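Participant: Compute the structure for the input listed below.
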Amino acid sequence: MKTIRFLLQKEFLQIRRNRMMLPVIFIVPIVQLLILANAATLEMKNINLCFIDQDMSAASRGLQAKFKGSPFFQVKGATFNYDEAESYLKDGSTDLIIRIPQGFEKSLVKEGHAEVQIIANAINAMMASLGSGYSTQIIAGFNKDFILEKTGTQKGVALMKSIEVTPSFWYNPELNYKVFMVPGILVILVTLIGMMLATLNIVREKEMGTLEQINVTPIKKYEFIIGKLLPFWIIALFELAFGLAIGKLLFDIPMLGSFVLLFTVAGIYLLVMQGASLLISNMAHTQQQAMFILFFFILIFIMMSGLFTPVESMPEWGQWINKINPVAHFMKVIRMILIKGSGFFDLWREVLILSVMAVVSLSIAIKKYHKTT
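Facilitator: Model (predicted):
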C-alpha cells in the first residue's frame, strides 16, 4: 500500500505541474456543459416563415396572427406571388411557406372547410417535420376558434368537445429539453476525463522514456496500474459531482434518485473505460496514435449512446451493437436515476452488464500489459 500511495502522490503532483492538464480537467468540461446544454437541442424555435396570402380576408389575417403569436415562428414577410416565396425558400431566408388560397374565408363559411398549403424546406428533415407539426397544431387551433365564432358558442363547444385529449407528461412535465440533455453531456465529460486523459498520460510517459524506467523498478504490475488509473478515476467522479451541482444550480435538473447508486454505477463504468484506456495505451506508441484510436471508438460510442436520439429508434442491428456499448448503458442509468428516481432493481441489468464489462476490460488490458521492456 505504501508503494501505491507514493505512486498516487507522484501522479497528482505531475497533474498539478502540467499546465495543460488542469484547464482540461476543470475548465473545459464546465464550459462544454454550459455551451452544449443550451446549444445541443432538438427543440425547433425561430423557424423562419413566409406567407402567401392570396385571400386577403379577415380569416386569413386571423390565421397569420396565430402564427405571429407563436414562439416557434418568425414571420419574415408575406407576398402574393408563389415564385417570390419559393425564391426565399431556395436562398435559405425562409424555412416554411404557408399558402392561403383565394376564397379561403368564403369556403370556410359556406362549405365548412378550406385548404391551406404548407411548403417546407426538407433539407433539414427534423426542422421540416417539427415545423409542419407545429403549423398543423396552430391551424387546428385557428379552426376551433373559427367554428366557435361562426356557429355559436353552444353548438361550437358541443362540436369541438366530442373528443377531448388531456396529455400527461411524466418526469419532465414542462418538456424542458435540458432535463434530457444535461445528464447525457455529463456522461460524455466523465468519459473524456476518465478515458482520454488516462490514456494520454500513460502514452506521454512512454514517449518521454520514463515508463521504461518505471518498468525496470521493483514496482509490481498491479501497483503501477492502480497508481496510473486511480487518480483519473477519482478526478472523473469529482467532475461528475461538480457537473451535477452546476446542472442543479443553473438548469434546475431534477435529481430524484440515490446519489450513492449513481456514483457506484459511475465508478463501475469508469473501470470499463479505464480498462479500455490501458489497452489503447499498450497499443499506441505516441499520443497522436492514441488520439486516433480514442476518437474512432469514442465517436461511435457517443453517437450510438442515445445522447440525441432514442436507442429504440435505431435499426435492430444498431440496438444489438449497443449491447456492448458501455456509454449507452451508463447514459440510460444516469437519466433513469436523476429524472425518474429509479432504484437498483430497476437498473440491475445495466449494472450487471457494466460490471461484466469492467472485469473483461481490465482483465484483457492487464494481461496485455508487459511491465518489463
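Participant: Which parts of the stretch 101-250 of the chain are strands?
Facilitator: 117-120 (DSSP state E, counting those that start in this stretch).
Participant: how about the helices in the stretch 201-350 of the chain?
Facilitator: 210-215, 221-251, 259-283, 287-303, 316-321, 326-335, 344-368 (DSSP state H, counting those that start in this stretch).
Participant: what's the most buried one of those helices?
Facilitator: Comparing the helices of the stretch 201-350 of the chain by mean neighbour count (mean count of other CB atoms under 10 Å), helix 326-335 ranks first with a mean of 24. Every residue, glycine included, has its C-beta placed from N, CA and C.
Participant: Could you check the angle that one makes with helix 287-303?
Facilitator: 50 degrees (axes from the mean of the first three to the mean of the last three CA atoms, to 10 degrees).
Participant: Need the CA coordinates for helix 326-335. CSV is fine.
Facilitator: The C-alpha coordinates for helix 326-335 follow below in CSV (Å, rounded to 0.1, in the frame of the first residue of the first chain):
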residue,chain,number,x,y,z
PRO,A,326,-20.8,1.0,-22.2
VAL,A,327,-21.7,4.6,-22.9
ALA,A,328,-25.2,3.7,-23.9
HIS,A,329,-25.7,1.7,-20.7
PHE,A,330,-24.5,4.5,-18.4
MET,A,331,-26.4,7.1,-20.4
LYS,A,332,-29.6,5.1,-19.6
VAL,A,333,-28.6,4.7,-15.9
ILE,A,334,-27.9,8.4,-15.2
ARG,A,335,-31.1,9.5,-16.8
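Participant: just checking, what packs against it?
Facilitator: Here helix 326-335 touches helix 177-191, helix 259-283, helix 287-303, helix 344-368, going by 3 or more CB pairs under 8 Å, 6 or more residues apart in numbering; DSSP states H and E.
Participant: With mean pLDDT and distance to residue 242 added, can I get those helices in TSV?
Facilitator: Converted to TSV, the helices and strands packed on helix 326-335 look like this (pLDDT from 0 to 100; distance: least, CB to CB, whole Å):
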stretch	mean pLDDT	distance to residue 242
helix 177-191	88	9
helix 259-283	91	13
helix 287-303	87	21
helix 344-368	91	22
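Participant: Turn those into a markdown table, columns for distance to residue 123.
Facilitator: Below are those laid out as a markdown table (distance: least, CB to CB, whole Å):
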| stretch | distance to residue 123 |
| --- | --- |
| helix 177-191 | 22 |
| helix 259-283 | 36 |
| helix 287-303 | 21 |
| helix 344-368 | 37 |
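Participant: which stretch among those comes nearest residue 19?
Facilitator: helix 287-303 (16.1 Å; CB to CB).
Participant: circling back to that earlier point, indicate which one of the helices of the stretch 201-350 of the chain is closest to residue 93.
Facilitator: Among the helices of the stretch 201-350 of the chain, the nearest to residue 93 by CB to CB is helix 287-303 (31.3 Å).
Participant: Give me the angle between that closest one and helix 259-283.
Facilitator: In terms of direction (the same axes, to 10 degrees), helix 287-303 departs from helix 259-283 by 140 degrees.
Participant: Now do helix 287-303 against helix 177-191, angle only.
Facilitator: Using the same axes, to 10 degrees, helix 287-303 lies at 150 degrees relative to helix 177-191.
Participant: contacting residues around helix 287-303?
Facilitator: Identification of contacts with helix 287-303 by CB atoms under 8 Å, 6 or more residues apart in numbering yields 188, 191-192, 195-196, 199-200, 203-204, 207, 276, 280-281, 283-284, 325-328.
Participant: one more time with 10 Å
Facilitator: Applying CB atoms under 10 Å, 6 or more residues apart in numbering, the external contacts of helix 287-303 come out as 184, 187-188, 191-192, 195-196, 199-204, 206-207, 273, 276-277, 279-281, 283-284, 286, 307-309, 321-322, 324-328, 331.
Participant: so residue 177 makes contact with residue 36?
Facilitator: No - with contact defined as CB atoms under 10 Å, residue 177 does not reach residue 36; the gap is 11.7 Å.
Participant: what about the closest residue to residue 101 other than its chain neighbours, how many neighbours?
Facilitator: Excluding the flanking residues, the one nearest residue 101 by CB to CB, 6 or more residues apart in numbering is residue 54, at 5.6 Å. Using other CB atoms under 10 Å, residue 54 is surrounded by 17 other residues.
Participant: Below-threshold pLDDT in the protein: ranges please.
Facilitator: Along the chain, the parts satisfying pLDDT under 70 run over 40-43, 150-167, 211-217, 370-373.
Participant: domain assignment for it?
Facilitator: The record, using automatic domain parsing to delimit domains, assigns the chain the ranges 2-40+174-368, 47-160.
Participant: got the contact list for stretch 60-68?
Facilitator: Counting by CB under 10 Å, 6+ apart, 47, 49, 51, 53-55, 57, 73-75, 78, 96, 98, 100-102, 104-105, 108, 114, 116, 134-135, 137-139, 141-143, 145-146, 149 sit against stretch 60-68.
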